[in-house]
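J.: Sequence and predicted structure are below.
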Amino acid sequence: MNLTFFASLSVALAVICATIVIVEFFTYTSARYREKFLEETAAEMDEVLLTLPPGKILDLSLALSALSAFIAVLAVGFYTDNLSIIRLVIVALIAAVAAFPIPRVVLKYLRKERMEKFNLQLEDALLSISGSLKAGFSINQALETVANQNRSPISFEFRLLMHEIRLGVSLDEALEKMNKRLDSPDFELIAMAIITARQTGGELTVILERLAGVIRERVRITGRIKALTAQGRLQAVIIGLMPFALFFAMLYVAPDMMNTFFSSVVGILLLIGVIILDFVGFMIIRKITTIDI
């Protein structure tokens, strides 16, 4: 009797210790992920000029995940008669995981659109700077003309540049900071050209006009490539969505056959494998149709 009691007590203590360790691990992991999520989100929001707290994006992601899981469970309950806890849990988890990164994806899309618009405005900005230099303006005055044109987003970025210069930062250092902030290959060429011309005494107006021609040609080629690869990008979207459309169609047409996927470990693993392979195939097609110049 004593041995049984001590054995039970030992098992209970082991379970309690294991539970504490698991809870501490998940608490630490979630705290680290939250910290990293907020840090990356804050940087992305600064790039698209949003003034919302980063925590709001995290709350939005969690709310969107919960809403997606609820809608997915309702959809499964509508299309099938034989419900099971395993099926509902799997569908809810898949929907929640798929919906969680959507706000971050939207932020990245907004940043990409903003940078594309910035790059399109660079050619006119370079010609404006070159014309101001030919008129006898200094480089700071030429940059300020672009900042005063009220063309978003390029005027805003140049206003930040001029603000740093007025605070005592050298032009070379301000250009380097602006280059790191924008992470634009086109502006990197411009910054290096201005810094090099100031150090070596080169003809800056000629250099800027040549860079404007290079950027103009790059924009033309980029637009041509997007037109040629539009069909491939559309195929990637269609192929990526087709398995999910077929899945919900089969739930409605043959629910008994689809029940086997949720009632066995092999079926669940096959569903997870399909999702992973579908995502990999989508990314491969997007990689093929994405050509950097």
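T.: Cool, the structure landed.
J.: residues of the strand or helix carrying Gln141 that come out buried?
T.: Using DSSP states H and E, Gln141 sits in helix 139-147. If you call a residue buried by 16 or more other C-beta atoms under 10 Å, then helix 139-147 has these buried ones: 142-147. The C-beta positions use only the backbone N, C-alpha and C, and glycine is treated the same way.
J.: Would you mind pulling up the elements that that helix packs against?
T.: Helix 139-147 sits against helix 102-134, helix 154-166, with contacts defined as 3 or more C-beta pairs under 8 Å, 6 or more residues apart in numbering; DSSP states H and E.
J.: Of all those helices, which one comes closest to Ile225?
T.: helix 102-134 (13.4 Å; C-beta to C-beta).
J.: Looking at the buried residues of helix 139-147, which is nearest Ile221?
T.: The closest of the buried residues of helix 139-147 to Ile221 turns out to be Val146 (C-beta to C-beta; 24.7 Å).
J.: Next, the contact list for the closest one, please.
T.: By C-beta atoms under 8 Å, 6 or more residues apart in numbering, the contact list for Val146 reads 125, 128-129, 154-155, 158.
J.: With respect to Asp256, which of these is nearest?
T.: Ile154 (60.2 Å).
J.: out of everything not next to it in sequence, what's closest to that closest one?
T.: Using C-beta to C-beta, 6 or more residues apart in numbering and skipping the chain neighbours, the partner closest in space to Ile154 is Gln121 (4.2 Å).
J.: Please name the residues that touch the one you found.
T.: Counted by C-beta under 8 Å, 6+ apart, Gln121 has contacts 151, 153-154.
J.: Which of the residues you listed has the largest number of neighbours?
T.: Highest neighbour count within the contacts of Gln121, by other C-beta atoms under 10 Å: Ile154, with 21 neighbours.
J.: residue ranges with poor pLDDT in the chain?
T.: 1-28, 30, 33, 37-38, 43-52, 79-84, 202, 293 (pLDDT under 70).
J.: where along it do the helices fall?
T.: Using DSSP state H, the helices found in the chain span residues 2-47, 54-79, 85-99, 102-134, 139-147, 154-166, 171-182, 185-200, 204-228, 230-253, 255-262, 265-289.
J.: Report the separation between Leu160 and Ser264.
T.: 58 Å (C-beta to C-beta, to the nearest Å).
J.: One more: Glu157?
T.: Counting by C-beta to C-beta, the gap from Glu157 to Ser264 is 56 Å.
J.: cool, and Val206?
T.: Val206 is 72 Å from Ser264, where distance means C-beta to C-beta.
J.: that older thread, comparing Leu160 and Ser264, which shows the higher neighbour count?
T.: Leu160 (15 against 12).
J.: Enumerate every residue touching that one.
T.: Listed by C-beta under 8 Å, 6+ apart, the contact partners of Leu160 are 178, 181.
J.: Not counting its neighbours along the chain, what's nearest Leu93?
T.: Ala69 (7.4 Å).
J.: need the contact list for that neighbour.
T.: Ala69 neighbours (C-beta under 8 Å, 6+ apart): 91-93, 95-96, 99.
J.: from those, which would you call buried?
T.: Looks like these have 91-92, 95-96, 99 buried, using 16+ other C-beta under 10 Å.
J.: Please report the distance of Ile190 from Arg210.
T.: Counting by C-beta to C-beta, the gap from Ile190 to Arg210 is 11 Å.
J.: Of the two, give the one with the bigger neighbour count.
T.: Between Ile190 and Arg210, Ile190 has the larger neighbour count (other C-beta under 10 Å), namely 22 against 13.
J.: which residue sits closest to that one in space, ignoring its chain neighbours?
T.: Leu211 (6.0 Å).
J.: next one: Ser152
T.: That would be Lys117: by C-beta to C-beta, 6+ apart, it lies 7.9 Å from Ser152.
J.: Let me know how buried the one you found is, in neighbour terms.
T.: Lys117 has 13 neighbours, counted by other C-beta under 10 Å.
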